[in-house]
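Sequence unavailable; structure follows:
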């Protein structure tokens, strides 16, 4: 109930370890590195194949998608199955009806069906926090995208991809191009990059696609693409949604491409070994020239594969943290019991 | 019933009074202050040593939950909550269900309030039918039935021509129009002030320009129509400047601010706690400072609770889907006294903003302890320490972000028309 509650800290347990995975805000470098290292261990370095790791056998994971998704949902399901969890996926399209109680009732009913973890996507910013506040203490919540707020697993898989190609994220200059205002992916990417101490984070796009105070997120804002991508190590392109034209935020796809589209010519302004990323699905000819998307600097398809490993990593970490906490409590109880009996003996 | 309250510190800005003395009540009215009226023999004497006596407070914006069911509570429950907060006169906006756009609804509210007999309820009529912003209500009929003002509640008229007509038509009746300036298109679906917090949390933004552009338009139309207008719940620094300028130009305008805007800011939204979801949204720190300065300098005339009692389920939703509003009757005075103690707000200015000043905006004699006025007053223990808890809240709406806050200054007894209507249990 405290007004000083920050968006991040309800996801940590008493030992300061992840209990839920809602946002990257408020997390420390060690949390992020643990996820990246764990994901790494799930990938066979020779074949680049993802291992089966049956650490969630007997655990029940429910994927609740209040908003349609194909890619994220599929990679979550694959990740869950690779961990040997029991998987149930539900499409719940009730966001338009705004049925107050039924939302929580849905959650509590599913919880009563012995869920151990919910993976939630919802159209409202803060929805994952809301669910995390109302689940039973033993249930974990993973945010698979809430409104325009956060999409932390996507950002982590992007960090994973960057690390694969560039080693340390420290010392890199990263440019994010496109619709920052409406993008939960960008918010999470910015947080991840700043926690991992990237040297410079730039966002590039027209003012209408920027939030009111982007500098509050610790980024440099560019409205000019050429200036913005000069000498960067990583370029992340963000999908431009069709609604943005209807609401008069930009005039047309054509004009957007003229100003911000990633072409070979512009790519040449960045560092020579720049990598190009895109959380997908890509609009060829809108954000990005087809040749560039398929070209040698692009790592777009790798991102998808790594997404599975990163989601597996987060889920297994949440579960093992819970086990560790339980163990810690048992030990503490034993200690207290010993202390009391000790006092009794001396007395 | 004749009552003498002695040794109390009587604070009544309407007569510039701040003095330890006695006050005498007879037949539901103030019979005297200082010296007993001739032949006065009290049936009862209350010793109010170390206590404050305040006029019953006047709150210009209180939702009572009746008629209709989209707010929690009833006229009976919410007037009880009002007097527990020292408020004895209150205006209820027309966003009831059905909307208060007819004599029948106005009279229903008045009848229920008379039955409850706890506080003076003054209905505000709807400026347009069903608050649709298109067709005018029977404005004369509403005034005749006893509406003290006309407003659109939280549904401002968007069509400038309709507003111009509404203001000009209403100008020929002796009443006041209350406007909440907000451009719905600029508001878009915004639920949070556009600033660092909305940028970080990705909450849809409600920019200050949604308020200020509408306010600029409204001020021009008000000046043209020459109608007495009160601007409700302003929230932006720029709005304070605009009202100050309008007053300087001699426009017949006044304004109020919701008490929560003087204590909270966008920073409080960081935890996605839906109890902080209000309309207009909690704004930036500079806005909060400007609003407080506006209150100190007199640009802002009144402070209101903007009481909105909600059902539990209305807040058990993700931030943007939850209903905006705070159950605020019981914290209006405590929060105001907190500003006096911590923010250098002058005590007389603070009390004025919730007594005779709001009363004069609606042309009522409430909020004053002058001889002959209705005996509405409360006895306050200025050192009484307490904290707000949902269990002890009287309002049916427990939706307060101030739960857990500690306050200094406690309402001990409230009198309405000379009768004790509230006493804190000790």
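Good, I have the coordinates. Predicted, not measured: the structure shown is a model, and the values here were computed from it.

alpha carbons only for contacts and neighbour counts from here, please
Noted.

Surely residue A:187 is within a helix?
Yes - counting by DSSP: H, G, I helix; E, B strand; the rest coil, residue A:187 falls inside a helix.

That one contacts residue A:238, doesn't it?
No - using CA atoms under 8 Å, residue A:187 is not in contact with residue A:238, being 11.5 Å away.

And stretch B:177-187, what's buried?
By 16 or more other CA atoms under 10 Å in any protein chain shown, the buried positions in stretch B:177-187 come out as B:177-184, B:186-187.

measure that stretch end to end?
Using CA to CA, to the nearest Å, one end of stretch B:177-187 lies 22 Å from the other.

list the buried ones in stretch B:113-125?
Neighbour counts using 16+ other CA under 10 Å place B:113, B:116-125 of stretch B:113-125 among the buried residues.

before we move on, what about stretch B:296-316?
B:296, B:299-311, B:314-316.

Narrow the residues you listed to those in strands?
B:302-304 (DSSP state E).

from the chain's centre, how far out does stretch B:404-422 sit?
17 Å (CA atoms, centre = their mean, to the nearest Å).

which one among the ones in strands among the buried residues of stretch B:296-316 gets closest to residue B:269?
residue B:304 (21.3 Å; CA to CA).

separation between the closest residue to the closest one other than its chain neighbours and residue B:331?
Once flanking residues are discounted, residue B:304 sits nearest to residue B:258: 4.9 Å by CA to CA, 6 or more residues apart in numbering or on different chains. Distance from residue B:258 to residue B:331, counting by CA to CA: 11 Å.

same check, this time on residue A:299
The value you get for residue A:299 to residue B:331, if CA to CA is used, is 57 Å.

Who has more neighbours out of those two?
residue B:331 (24 against 18; other CA atoms under 10 Å in any protein chain shown).

The more buried one contacts residue B:85, doesn't it?
Yes - here residue B:331 reaches residue B:85: they are 6.7 Å apart, a contact under CA under 8 Å.

circling back to that earlier point, comparing residue A:187 and residue A:238, which residue is more hemmed in?
More crowded of residue A:187 and residue A:238, by other CA under 10 Å: residue A:187, with 27 against 23.

rewinding a little: between residue B:258 and residue B:331, what contacts are shared?
Common neighbours of residue B:258 and residue B:331, counting by CA atoms under 8 Å, 6 or more residues apart in numbering or on different chains, are residue B:305.

what residue ranges in chain B score low on pLDDT?
Within chain B, the ranges that satisfy pLDDT under 70 run B:426.

Can you tell me which residues in it are near chain A?
Residues of chain B lying near chain A by CA under 8 Å from any CA of the partner chain: B:194-196, B:198-203, B:268-273, B:313-314, B:316-321, B:401, B:403.

Tell me which of the residues you listed fall in helices.
B:196, B:198-201, B:313-314 (DSSP state H).

which of those residues are buried?
B:196, B:198-201, B:314.

closest point of the stretch 1-150 of chain B to chain A, which residue?
Per CA to the nearest CA, residue B:70 is where the stretch 1-150 of chain B lies closest to chain A, at 12.8 Å.

where does that residue land in three-state SS?
coil.

Likewise for the one 3 residues further on?
Assigned state for residue B:73: coil (three-state reduction, three-state DSSP).

Also the one 5 residues further on?
The local conformation at residue B:78, judged by three-state DSSP, is helix.

element containing residue A:130, please.
Assigned by DSSP states H and E, residue A:130 belongs to helix A:127-134.

That helix - contacts with which helices or strands?
Applying 3 or more CA pairs under 8 Å, 6 or more residues apart in numbering or on different chains; DSSP states H and E, we find helix A:127-134 packed against helix A:100-112, strand A:117-122, strand A:140-146.

how does it look with 6 Å?
Contacts defined by 3 or more CA pairs under 6 Å, 6 or more residues apart in numbering or on different chains; DSSP states H and E place helix A:127-134 against strand A:140-146.

Any residue of the strand it packs on touching chain B?
No - applying CA under 6 Å from any CA of the partner chain, one finds strand A:140-146 out of contact with chain B, separated by at least 9.1 Å.

Give the full set of residues in contact with the residue most central in space within chain A.
By CA atoms, centre = their mean, chain A has its centre lying nearest to residue A:152, at 1.6 Å. If a contact means CA atoms under 6 Å, 6 or more residues apart in numbering or on different chains, then residue A:152 has A:23, A:188 as its contacts.

now residue B:91
B:60-62, B:121-123.

ok, now residue A:146?
Counting by CA under 6 Å, 6+ apart, residue A:146 has contacts A:121-125, A:127.

quick one: which of these is nearest to chain B?
For the contacts of residue A:146, the nearest to chain B is residue A:127 (4.9 Å; CA to the nearest CA).

measure the residue nearest to that closest one when sequence neighbours are not counted to residue B:203 for me?
Distances taken as CA to CA, 6+ apart place residue B:318 nearest to residue A:127, at 4.9 Å, with adjacent residues excluded. Applying CA to CA, the value for residue B:318 to residue B:203 is 11 Å.

With neighbour numbers in mind, choose between those two.
residue B:203 (28 against 24).

Please tell me how far that one sits from residue B:315.
From residue B:203 to residue B:315 the distance is 16 Å (CA to CA).

quick one, helices of the stretch 51-200 of chain B?
For the stretch 51-200 of chain B, applying DSSP state H, counting those that start in this stretch gives helices covering B:75-84, B:103-116, B:139-145, B:160-171, B:184-187, B:196-201.

my bad, should have said the stretch 151-300 of chain A
A:152-166, A:184-195, A:225-228, A:243-246, A:253-260, A:264-267, A:290-293, A:300-346.

and the ones you listed, which one's lowest on average pLDDT?
Lowest mean pLDDT within the helices of the stretch 151-300 of chain A: helix A:243-246, a mean of 71.

Can you give the distance from that helix to the centre of its chain?
25 Å.

Can you point out the buried residues in that helix?
For helix A:243-246, using 16+ other CA under 10 Å, the buried residues are residue A:244.
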